[in-house]
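1. Got a predicted structure here, sequence first:
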Amino acid sequence: MIQSRDPEMTPIIAKVEAGQRLSFKEGMVLFDTPDVNALMRLANLVRERQHGDKTYFVHSMRLEFTNICYVGCTFCAFAAHKGEERAWDYDADAVVEQVRAKYEPGLTELHMSSGHHPNRPWSFYPEMVSKLKANFPELQVKAFTAAEIEHLSKISKKPTLEVLRELQAAGLSAMPGGGAEIFADRVRKQVAKNKVKAEKWIQIHREAHSLNMRTNATMLYGHIETLEERLDHMDRLRKLQDETGGFHAFIPLAFQPMGNTLAQNLGKTDYTTGLDDLRNLAVARIYLDNFPHIKGYWVMIGSELTQVSLDWGVSDVDGTIVDEHIAHAAGATSPLGLSKERMINMIQQAGRLPVLRDAYYNELEVYPAQVEAAD
Ligand code: V47
């Protein structure tokens with residue numbers, strides 16, 4: 001049994017070791033315990049029970065087809081208004097050309113998420129997905145957050161379920177987990193008041209799961225939310241996962257404090273601390289007992305801490321990405337992308353087993369031996 005110097009942890013460790021679910025109150029103990037070493041070991045126990053040393057990553061490309069957005073989330077440094085010099089807005093052919101220009105052999109996942117464009121008609125979206133599939137049939141398109149799906153429902157005047165159905169018919173494989181931010185009303189009103197409401201976000205993921213479309217869930221932390229509000233966020237996701245089983249991964253997103261009004265208003269220039277990032281990942285791994293994966297998002301916490309996070313519950317490190325904009329607009333200091341070899345090395349150096357996956361988590365290749373870094 002894992003030993004802890006915090007007596008409050010002892011019954012919790014016993015429960016987790018016995019495979020029992022933790023209550024909200026017990027989840028809060030994980031956030032509060034001074035014994036971070038026991039927390040780490042407990043998260044690692046859960047992680048290894050599920051995956052052993054396997055650590056998943058995908059050869060992926062990120063594409064944001066527009067940064068034009070009318071929503072005005074206060075944490076966002078990515079969005080621009082139409083006519084601004086830094087605004088971009090690709091049509092469907094330009095999207096195809098962007099993918100062609102950045103294409104790498106072996107690429108499997110195209111992750112697209114963008115602004116809520118005020119004028120693009122609904123027809124653009126399924127057309128873009130089918131053009132992508134016609135040109136790159138092997139690419140799995142993971143695109144459109146629940147917030148974007150709600151926007152598409154408004155402009156198409158179709159229910160969100162129908163929007164999802166039509167995008168799926170056009171070739172959409174999976175949905176990313178963005179737009180979740182923090183579900184609690186108190187925070188949401190201050191950081192994303194014009195964005196999809198928490199209940200609707202959850203409903204859209206429920207609908208996607210009903211169509212057999214797998215999705216992810218994120219949580220934007222490290223700004224004005226309390227630890228209770230973080231756990232409440234996880235708790236709502238755990239309930240939906242009990243109902244549908246449709247989530248692949250939970251992804252905590254560490255707040256990047258540059259170029260956005262939320263950070264300016266708070267006078268905040270510091271990033272989340274390494275320990276906060278690790279604790280958050282560990283709590284998620286233990287509390288979200290029905291999620292297959294907790295993702296360490298190297299873009300926001302850095303590849304160095306992501307490497308360490310493999311001992312704190314993380315079993316997925318997202319992808320190679322190629323060209324990221326949302327986090328970097330807000331001050332992320334990580335590279336824009338990592339080569340496949342760098343990812344393999346990062347995982348192997350942490351004593352774990354790299355597994356190349358696709359967007360459905362099919363295992364494509366396992367890398368037991370060291371490979372040379374290409375960059
Ligand atoms: O919803 C925006 C976040 C999200 C900031 O599903 C910020 O595999 C931190 O959803 N600081 C988009 N975060 C990214 C996203 C995502 C990322 C990686 C993997 C997956 C997946 C999904 O980025 C937004 C918002 O929560 N975000 N600004 C910021 N300043």
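-> It's in.
2. Most proximal residue of the protein with respect to the ligand?
-> Nearest residue of the chain to the ligand: residue 178, at 2.4 Å (Cβ to the nearest ligand atom). Using the backbone N, CA and C atoms, a C-beta is placed for each residue, glycine as well.
3. before we move on, what SS does that residue have?
-> Here residue 178 is recorded as coil under DSSP: H, G, I helix; E, B strand; the rest coil.
4. Spit out the contact partners of it.
-> Going by Cβ atoms under 8 Å, 6 or more residues apart in numbering, residue 178 touches 113, 145-147, 218.
5. At the contact with the ligand, which residues of the stretch 251-375 of the chain appear?
-> Residues of the stretch 251-375 of the chain lying close to the ligand by Cβ under 6 Å from any ligand atom are 251, 253, 255-256, 260, 297, 300, 318, 326-327, 330.
6. Apply 8 Å and report the result again.
-> Within the stretch 251-375 of the chain, the positions lying close to the ligand (Cβ under 8 Å from any ligand atom) are 251, 253-260, 262-263, 295, 297, 299-300, 318, 326-327, 329-332.
7. Can you pull out the low-pLDDT segments for the protein?
-> 370-375 (pLDDT under 70).
8. where along the stretch 251-375 of the chain do the helices fall?
-> Taking DSSP state H, counting those that start in this stretch as the test, the helices found in the stretch 251-375 of the chain are 261-266, 274-287, 298-309, 326-329, 340-349.
9. which residues sit against the longest one?
-> Counting by Cβ under 8 Å, 6+ apart, helix 274-287 makes contact with 16, 22, 27, 30-31, 36, 39-40, 42-43, 46-47, 221-222, 230-231, 234-235, 238, 250, 252, 254, 291, 294, 296, 301, 305, 308-309, 312-314, all of which sit outside it.
10. List the buried residues for that helix?
-> For helix 274-287, burial by neighbour count (16 or more other Cβ atoms under 10 Å) applies to 276-287.
11. which among those gets closest to residue 171?
-> Comparing these against residue 171 with Cβ to Cβ places residue 284 closest, at 31.0 Å.
12. my read: residue 257 touches residue 332, true?
-> No. Applying Cβ atoms under 8 Å, one finds residue 257 not in contact with residue 332, separated by 10.3 Å.
13. Let me see the ranges of the strands in the stretch 151-300 of the chain.
-> For the stretch 151-300 of the chain, the strands defined by DSSP state E, counting those that start in this stretch cover 172-175, 214-221, 247-254, 293-294.
14. center of this protein, which residue is that?
-> Closest residue to the average C-alpha location of the chain: residue 251 at 3.9 Å, with Cα atoms, centre = their mean.
15. Can you list phi and psi of the residue lying closest to residue 270 once chain neighbours are set aside for me?
-> Among residues not flanking residue 270 along the chain, residue 257 sits closest, at 6.7 Å (Cβ to Cβ, 6 or more residues apart in numbering). Dihedral pair for residue 257: phi -100, psi 20, per degrees, to the nearest 10.
16. Dihedrals phi and psi, residue 63?
-> Residue 63 adopts backbone torsions of phi -140, psi 130, taken as degrees, to the nearest 10.
17. likewise residue 124?
-> Here is the backbone geometry of residue 124 (degrees, to the nearest 10): phi -60, psi -40.
18. How about the backbone phi and psi for the closest residue to it other than its chain neighbours?
-> Excluding its sequence neighbours, the residue lying closest to residue 124 (Cβ to Cβ, 6+ apart) is residue 92, at 6.5 Å. Here is the backbone geometry of residue 92 (degrees, to the nearest 10): phi -60, psi -40.
19. so residue 97 is in which element?
-> helix 92-102 (DSSP states H and E).
20. didn't residue 109 look like it was pressed against residue 58?
-> Yes. With contact defined as Cβ under 8 Å, residue 109 reaches residue 58; the gap is 4.8 Å.
21. quick one: contacts of the helix or strand harbouring residue 15?
-> Per DSSP H and E: residue 15 is located in helix 9-17. With contacts defined as Cβ under 8 Å, 6+ apart, helix 9-17 is touched by 1-2, 4, 21-22, 26, 29-30, 33, 35, 38-39, 42, 45-46, 286.
22. Show me which residues of the stretch 1-150 of the chain sit near the ligand.
-> 73, 75-78, 111, 113, 142, 145, 147.
23. what sits against residue 151?
-> Residue 151 neighbours (Cβ under 8 Å, 6+ apart): residue 116.
24. The lengthiest helix in the chain and the ligand, any residue contact?
-> As assigned by DSSP state H, the longest helix anywhere in the chain is helix 227-244. No. For helix 227-244, no contact with the ligand is found by Cβ under 8 Å from any ligand atom; the gap never falls below 11.6 Å.
25. now the angle from that helix to helix 274-287?
-> 30 degrees (axes from the mean of the first three to the mean of the last three Cα atoms, to 10 degrees).
26. now for helix 227-244, which elements pack on it?
-> Judged by 3 or more Cβ pairs under 8 Å, 6 or more residues apart in numbering; DSSP states H and E, helix 227-244 is in contact with helix 24-32, helix 198-210, strand 214-221, strand 247-254, helix 274-287.
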